[in-house]
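Student: Show me the folded form of this:
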Amino acid sequence: MKVFVTGGAGYIGSHTLVQLLAAGHEVCVFDNFANSSPVALDRVRQLTNRGIGLVEADIRDADALRDAVTTFAPDAVMHFAGLKAVGESSSLPLLYYQTNVSGTMNLLAAMDAAGCKRIVFSSSATVYGEAHYLPFDEDHPIAPTNPYGRTKAMAEGIIGDWAKATAGASAVLLRYFNPVGAHESGRIGEDPRDIPNNLMPFVAQVAVGRRDRLSIFGDDYDTRDGTGERDYINVVDLAAAHLAAIEYASRAAGCEAINVGTGRGITVKELVAAYERACGRTLPVEIASRRPGDVASSYAATVKARDLLGWNAVLDIDAMCASSWLWQSTNPDGYGDRQ
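Tutor: Numbers count the residues shown, from 1 in each chain. Have a look, this model is predicted:
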């Protein structure tokens with residue numbers, strides 16, 4: 001299958017490329033490297049001994065996107081390209097709507113021009129907002145609480161409307177929970193710009209000496225140890241879910257939203273303890289006040305992924321931390337080209 005991959009040089013995109021190429025698919029990446037590195041693509045080529053097509057451009061550039069899609073003529077599209085920092089989305093909402101919403105519209109128009117009717121979309125559990133109940137299942141109300149989440153919810157709705165209006169179209173909306181970890185080779189991993197927005201890359205940077213200490217925001221939640229509980233999924237498992245999703249899209253029609261998580265929560269203290277086991281030392285930690293908007297627990301219902309995709313997560317928290325530490329310790333400055 002020929003697969004057009006927007007944002008393929010990013011954290012999740014690069015890991016998915018490895019699995020797509022290993023499965024024999026031909027890929028073309030469309031990326032502006034705004035929050036990723038071309039070094040990641042070089043390393044994917046080395047890991048797979050396969051070629052990767054590349055168009056360097058911005059998803060907001062409708063003409064460049066249409067030209068790239070029609071030239072490659074894909075059988076399916078994987079759409080990772082987008083901005084993803086919750087805090088930044090509140091200060092730069094128009095940039096987020098332009099990139100995440102208008103960019104998605106540009107992509108669907110380009111797919112129409114090329115006659116491509118299959119898409120797997122990188123969405124987020126952020127679309128659910130505050131939990132009405134746990135675990136989150138796909139029927140949970142959609143009520144995002146920040147601009148980032150609203151852009152993902154809007155993009156989901158647009159893709160769903162497109163699928164209804166396009167005969168034979170198939171769309172899979174993958175709602176990620178908390179991707180962590182790295183490829184087992186340690187050659188590709190998460191390389192955030194500036195201060196990491198997510199817990200594990202921050203812990204990794206503390207472990208490698210780039211940050212002084214980790215602040216745990218609140219230890220008085222109603223959880224096993226008082227710290228917040230989240231559903232962390234290994235990025236390698238997540239990449240496998242994309243492979244399963246694109247195979248599902250090739251045999252199904254319509255639009256399906258599917259959670260991608262493990263179905264169980266891990267607390268902040270449990271994650272730190274696992275990372276200490278991985279790196280072999282105690283990490284400096286301080287307890288700070290709760291952050292506004294943080295909730296005690298969030299984790300996925302994963303039955304739909306099992307039933308429709310035949311997929312489930314298999315890697316545990318120790319494997320996640322071990323791969324993250326291998327990546328961070330052998331690449332202390334990430335890919336190095338943006339530091």
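Student: Looks to me like Val295 is in a helix.
Tutor: No - judged by DSSP: H, G, I helix; E, B strand; the rest coil, Val295 forms no part of a helix; its state is coil.
Student: Quick check: phi and psi on it?
Tutor: phi -110, psi 160 (degrees, to the nearest 10).
Student: Skipping adjacent residues, who's closest to it in space?
Tutor: When the adjacent residues along the chain are set aside, Val295 lies closest to Ala131, with 6.4 Å between them (C-beta to C-beta, 6 or more residues apart in numbering). (Each C-beta comes from the backbone N, C-alpha and C, glycine too.)
Student: And that neighbour, how far from Ala143?
Tutor: Applying C-beta to C-beta, to the nearest Å, one obtains 10 Å for the distance of Ala131 from Ala143.
Student: Same question for Tyr96.
Tutor: Taken as C-beta to C-beta, the spacing of Tyr96 relative to Ala143 amounts to 18 Å.
Student: cool, and Tyr232?
Tutor: When Tyr232 is compared with Ala143 (using C-beta to C-beta), they lie 23 Å apart.
Student: More neighbours: which of the two?
Tutor: Neighbours were tallied for Tyr232 and for Ala143 using other C-beta atoms under 10 Å; the higher tally belongs to Tyr232 (27 against 13).
Student: Can you give me the neighbour number for the residue nearest to Val295?
Tutor: Residue crowding around Ala131 was assessed by other C-beta under 10 Å; the count is 15.
Student: With the one 4 residues further on instead?
Tutor: Using other C-beta under 10 Å, Pro135 is surrounded by 20 other residues.
Student: For it, report the pLDDT, please.
Tutor: Listed pLDDT for Pro135 reads 97.
Student: which residues touch the closest residue to it other than its chain neighbours?
Tutor: Using C-beta to C-beta, 6+ apart and skipping residues adjacent in sequence, the residue nearest Pro135 is Ala301, 4.2 Å away. The contact partners of Ala301, taken as C-beta atoms under 8 Å, 6 or more residues apart in numbering, are 135-138, 259, 263.
Student: 7 Å instead, please
Tutor: When the contact criterion is C-beta atoms under 7 Å, 6 or more residues apart in numbering, the partners of Ala301 are 135-137, 259, 263.
Student: where's it relative to Pro141, distance?
Tutor: 14 Å.
Student: So which residues of this structure form strands?
Tutor: 2-6, 26-31, 53-56, 76-79, 118-124, 170-176, 178-180, 214-217, 229-230, 232-234, 254-260, 266-267, 285-288, 297-298 (DSSP state E).
Student: could I get the contacts of Ala301 as JSON lines with distance to Ile158?
Tutor: Listed next are those as JSON lines, based on distance: C-beta to C-beta, whole Å:
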{"residue": "Pro135", "distance to Ile158": "27"}
{"residue": "Phe136", "distance to Ile158": "22"}
{"residue": "Asp137", "distance to Ile158": "23"}
{"residue": "Asn259", "distance to Ile158": "20"}
{"residue": "Gly263", "distance to Ile158": "29"}
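Student: ok, so of those residues, who is nearest Cys116?
Tutor: Minimum separation from Cys116 among the contacts of Ala301 (C-beta to C-beta) is found for Asn259, which lies at 25.4 Å.
Student: from what I can see the closest one touches Pro135, true?
Tutor: No - using C-beta atoms under 7 Å, Asn259 and Pro135 do not qualify as a contacting pair, with a distance of 8.4 Å.
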